[in-house]
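Asks: this one's structure only:
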Ligand SMILES: C[S@@+](CC[C@H](N)C(=O)[O-])C[C@H]1O[C@@H](n2cnc3c(N)ncnc32)[C@H](O)[C@@H]1O
């Protein structure tokens, strides 16, 4: 019966209890990259971004698009090739370097005066700018505001205790016409501790509902063998569109 997930009943009680206190440190993320424990990376890009690209772009050209916790997401290259300007943030420098190398893009590095210890990696044509620092160090003063945000593997990857801080940061980075596509995962959190963390519908509404109109665009079966090895027997990917009210 697991596949007949009922978003109202099942989700509410189980979430916070089993995963709320879990913390994954930045060092643990760096270690995942070092040990190549990066099963979250999708080499061919995410099917839901392809499917909803027209809604995401909404006929607009030359958008400034944000990729929080970007890893080496290939969608950054897709969108840059369509003429958009990409900004990402990621703590793993090796992830960012792999991105440029794998996409055959020459890049340069510079320091970021406003963020001690951070680096900015940019391709030569200057339409992909990736900050190597913690997402929580980024502000609209440093990066400006965005026309679109692709949040896949980001809200679900941050520690549950940081969600409000994260949501407030995202809201502060959205310009008034910004379209955010948010992908969450839904599974039985008693069977796997995360990340990715289970983010129920109610949590999306709690974090963004006051400031955004939220619509669930799609819920797809995202279950793979990898998830079976985690002890799960179902996993849904849920995509929302968030627009400032
Ligand atoms: C689940 S992966 C998702 C990557 C990417 N969004 C994708 O779709 O492939 C999460 C990424 O966030 C990075 N990360 C974790 N905590 C971070 C933080 N506080 N600031 C910036 N990046 C972080 C990790 O190194 C990892 O590459």
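Replies: That came through, no problem. Just so you know, these numbers come straight off a predicted model, no measurement behind them.
Asks: And the longest strand along the chain, what's buried?
Replies: Taking DSSP state E as the criterion, the chain has its longest strand at strand 174-186. By neighbour count with 16 or more other Cβ atoms under 10 Å, strand 174-186 contains the buried residues 174, 178-186. For glycine as for every other residue, the C-beta is placed from the backbone atoms N, C-alpha and C.
Asks: quick check, distance from stretch 39-56 to the centre of its chain.
Replies: Relative to its chain's centre, stretch 39-56 lies at 12 Å (Cα atoms, centre = their mean, to the nearest Å).
Asks: Show me what from the protein comes close to the ligand.
Replies: 26, 29, 40-41, 69-71, 73, 89-92, 95, 134-135, 152-154, 157 (Cβ under 6 Å from any ligand atom).
Asks: What subset of those is buried?
Replies: Here, 16+ other Cβ under 10 Å leaves 29, 40, 69-71, 73, 89-92, 95, 135, 152-154, 157 buried among the residues of the chain next to the ligand.
Asks: Mind listing residues that contact stretch 48-57?
Replies: 63, 75, 78, 82, 84, 148, 150, 152, 179, 181, 183, 217-218, 220, 237, 239, 241 (Cβ atoms under 8 Å, 6 or more residues apart in numbering).
Asks: So which of those are in helices?
Replies: If you go by DSSP state H, the contacts of stretch 48-57 have 75, 78 in helices.
Asks: PyMOL command to pick out the buried ones of the contacts of stretch 48-57?
Replies: With 16+ other Cβ under 10 Å as the criterion, this PyMOL line picks the buried residues out of the contacts of stretch 48-57:
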select buried, resi 63+75+78+84+148+150+152+179+181+183+237+239+241
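Asks: Now do the phi/psi pair for the nearest residue to residue 159 once chain neighbours are set aside.
Replies: In space, and not counting its chain neighbours, residue 159 is closest to residue 23: 5.0 Å by Cβ to Cβ, 6 or more residues apart in numbering. Backbone dihedrals for residue 23, given as degrees, to the nearest 10, come out at phi -130, psi 130.
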